[in-house]
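Asker: could you look at this predicted model? Sequence included:
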Amino acid sequence: MTLDGSPTSPAPAPAGVGRRQFLTLATAGVAASTLTVTVGSLTPAAALTAPGGAAHAAAAGGPTPRKRELRAMWISSVVNIDWPSASGLSADQQKAELLHWLDVARDFRLNAVFVQVRPTADAFWPSPYEPWSQYLTGVQGQDPGYDPLGFVVEECHRRNLEIHAWYNPYRVSMQADPAQLVPEHPARQHPEWVWAYGGKLYFDPGLPEAQEHIKNAILHSVEHYDIDGVHFDDYFYPYAVAGQTIPDAATFASHGAGFDRVEDWRRHNVDTFVQSISQRIKQAKPWVKFGISPFGIWRNASTDPRGSETGGSQSYDMQFADTRKWVLEGWLDYINPQIYWQFGLAVADYAKLVPWWADVAAQSGTHLYIGEALYKVTSGVFTDPAELSNHLTFCGEQEHPVHGNVYFSAKHVPADPQGSMTRVRDDHYRYSALVPAMPHLPGTKVRTPVLAWAGWRDDGVRVHWTDAGGRRFAATSFAIYRADGWVKHVDTEDPANLVATQRAEGRVLQDFLDPTAVRGRRYTYAVTALDRVWNESAPSTVRWSV
């Protein structure tokens, strides 16, 4: 299943064939399938309290836990894949569903969500540029009665989840008839910006006016909402449809001066768009991360010696997306390739692609997250329930860092096919984790908190501290650490000691309830302050539970 809701994906192309939403490459003869889930029936797996520390886990032969790694899932809105689960739900029903997904993220110890808020040149917020999304009410342009993006941001931050707003840049509609769009839609107002291909409508990437509209639509949400990241998927120029030609010959004739080949001009158009939106995001809010989740293969080595030892379709040639260039030029804060294949698959081996991407990302310091096809366990393509857990083990063994993993899609996380996501949590996510800090982003000089008291209450240990940063250096959130017994020092680098992170409450005095504390046992606590991009202060002096 692709992120646009298509039920199948193309088979890999033969070898040598020609700084990110989701196409999958199915094993020959096995197509991805759609899973229908009733949100109200899902029960998130119970949170676990793991004994021992990271050293204990390593000694036992298990994967070494990491204190910092991105753990995320995509929450897809197009054709109501994840949220809302159906168009036309009431505002209260939509809110309840969103809270369910955030509870799922919490229960599987994820620390970020990528939520699709502009699936088809429409909006999940009151945008002056594009109409309300039909996937909210069932009617394009109809006010859903609340601000979905505002609600998403507020509730994610309440749980201290990083929120990446996810946009599809060029896609206008999942159908090809402009007359089905509301009259005020920009594609109706400017029909010259749009063409049909493969049964869908797209903005023409070769038109500067269309590019400017897309950037303005996206930047409006960046400027007006406290999002943590801007996220694109893999849809740039559309995936090839047999027997059809992209209808941009007239645009190439009028705008392609200096290019002999239309393919090079198309790549230039996408490059220009990616570089420009990156610059404008940073001009608006320098701390907002920009990342793309491309198709997992840039080019095959048989086509280009700089490519990977693979034989599948190539994003450079298929979507005209030079993803490697974007990383090396430093236009992205993170790259999140969709490596949706298993170990040993000849045309696209996970074991070949991860090191290739890690090497590319390391050359510019771009963070690397790996897109994981959890849905392929559901569909039966991944036959080993440990496939995804083994992926994470492999990622942790790389010479160049892999900074985290992202799962498609939300509904498959609590469905937990073959127990695969529980295995990921038990093997790798036994403890909470901080989002990796990006040194190139502007930070805040948060101050070490003053831990005042830790004492038992009926429902656990209550910890109190003050934010020493004042208004100027106020923390965005805090990390709470705990060691067994009454000790003089809590090792804040040991992920086993990280109990939780908590959003700052907008006042000097802060408090946290540790409900996992066991009555009758002694504990020592320490607290650190975190800024909005996850830079961490020194730990507070310790306090013993009393």
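Answerer: That came through fine. Numbers count the residues shown, from 1 in each chain.

Asker: mind checking the SS state of the residue nearest the centre of the chain?
Answerer: Nearest to the mean C-alpha position of the chain, counting by CA atoms, centre = their mean, stands residue 114 at 4.0 Å. At residue 114 the chain is in strand, as set by DSSP: H, G, I helix; E, B strand; the rest coil.

Asker: give me the neighbour count for the closest residue to residue 339 other than its chain neighbours.
Answerer: Distances taken as CB to CB, 6 or more residues apart in numbering place residue 296 nearest to residue 339, at 4.3 Å, with adjacent residues excluded. Yep, even glycine has a C-beta here, placed from its N, CA and C like the rest. Residue 296 has 29 neighbours, counted by other CB atoms under 10 Å.

Asker: thought residue 296 was touching residue 340?
Answerer: Yes - if you go by CB atoms under 8 Å, residue 296 and residue 340 touch, sitting 6.3 Å apart.

Asker: from residue 341, how far off is residue 155?
Answerer: 34 Å (CB to CB, to the nearest Å).

Asker: the two: who's more crowded?
Answerer: Taking other CB under 10 Å, residue 155 and residue 341 do not tie; residue 341 has more neighbours (29 against 16).

Asker: ignoring the adjacent residues along the chain, who's closest to the more buried one?
Answerer: Computed as CB to CB, 6+ apart, the closest residue to residue 341 that is not its neighbour in sequence is residue 348, at 4.2 Å.

Asker: burial check on that neighbour, number of neighbours?
Answerer: If we define neighbours as other CB under 10 Å, then residue 348 has 23 of them.

Asker: please apply the same query to residue 179.
Answerer: 6.

Asker: cool, and residue 506?
Answerer: 8.

Asker: next one: residue 189
Answerer: Residue 189: 11 neighbours (other CB under 10 Å).

Asker: repeat that for residue 534.
Answerer: For residue 534, using other CB under 10 Å, the count is 22.

Asker: can I assume it sits in a helix?
Answerer: No - applying three-state DSSP, one finds residue 534 to be coil, outside a helix.

Asker: point out where the stretch 401-546 of the chain drops to low pLDDT.
Answerer: In the prediction, the stretch 401-546 of the chain carries no residues with pLDDT under 70.

Asker: my error: substitute the chain in the last question.
Answerer: For the chain, the ranges with pLDDT under 70 are 1-61.

Asker: list the contacts of the spatially closest residue to residue 191 that is not a sequence neighbour.
Answerer: In space, and not counting its chain neighbours, residue 191 is closest to residue 178: 6.3 Å by CB to CB, 6+ apart. Neighbouring residues of residue 178 by CB atoms under 8 Å, 6 or more residues apart in numbering: 187-188, 191, 194, 201.

Asker: so which of these are in strands?
Answerer: Among the contacts of residue 178, the ones falling in strands (DSSP state E) are 194, 201.

Asker: of the contacts of residue 178, which is the nearest to residue 268?
Answerer: The closest of the contacts of residue 178 to residue 268 turns out to be residue 194 (CB to CB; 20.4 Å).

Asker: what's the neighbour count on the closest one?
Answerer: When neighbours are counted by other CB under 10 Å, residue 194 registers 23.

Asker: so what does residue 163 look like in phi/psi?
Answerer: Main-chain dihedrals, residue 163, degrees, to the nearest 10: phi -110, psi 120.

Asker: oh, that last question was meant for residue 478, not what I typed.
Answerer: Here is the backbone geometry of residue 478 (degrees, to the nearest 10): phi -140, psi 150.

Asker: roughly how far apart are it and residue 404?
Answerer: Distance of residue 478 to residue 404, computed by CB to CB: 21 Å.

Asker: could you do residue 223 as well?
Answerer: 27 Å.

Asker: the more surrounded of these two?
Answerer: residue 404 (25 against 12).

Asker: tell me who's in contact with the residue nearest to residue 209 when sequence neighbours are not counted.
Answerer: Nearest non-adjacent residue to residue 209, counting by CB to CB, 6+ apart: residue 193, 6.3 Å away. Residue 193 makes contact with 186-187, 203-204, 207, 209-210, 213, according to CB under 8 Å, 6+ apart.

Asker: now, which of these lie within helices?
Answerer: 186-187, 209-210, 213 (DSSP state H).

Asker: buried only: go through those residues for me.
Answerer: Using 16 or more other CB atoms under 10 Å as the burial test, the ones in helices among the contacts of residue 193 include 186-187, 210, 213 as buried.

Asker: end to end, how far does stretch 162-178 reach?
Answerer: 36 Å (CA to CA, to the nearest Å).

Asker: how distant is that stretch from the center of its chain?
Answerer: Distance of stretch 162-178 from the chain centroid (CA atoms, centre = their mean, to the nearest Å) equals 16 Å.

Asker: stretch 311-319 too?
Answerer: Relative to where its chain is centred, stretch 311-319 has its mean C-alpha point 22 Å off (CA atoms, centre = their mean).

Asker: and stretch 475-487, by the same measure?
Answerer: The chain centroid and the centroid of stretch 475-487 are separated by 27 Å under CA atoms, centre = their mean.

Asker: cool, and stretch 376-385?
Answerer: Per CA atoms, centre = their mean, the centroid offset for stretch 376-385 relative to its chain is 22 Å.

Asker: likewise stretch 524-532?
Answerer: For stretch 524-532 - counting by CA atoms, centre = their mean - the centre lies 25 Å from the chain centre.

Asker: what does stretch 245-264 give?
Answerer: Relative to its chain's centre, stretch 245-264 lies at 33 Å (CA atoms, centre = their mean).

Asker: hmm, who's touching that stretch?
Answerer: 195-197, 204, 206-208, 237-238, 265-266, 268, 317, 320.

Asker: in strands, which of these appear?
Answerer: Residues of these located in strands (DSSP E): 195-197.

Asker: in the contacts of stretch 245-264, find the pair that's most separated.
Answerer: 208 and 317 (24.0 Å).
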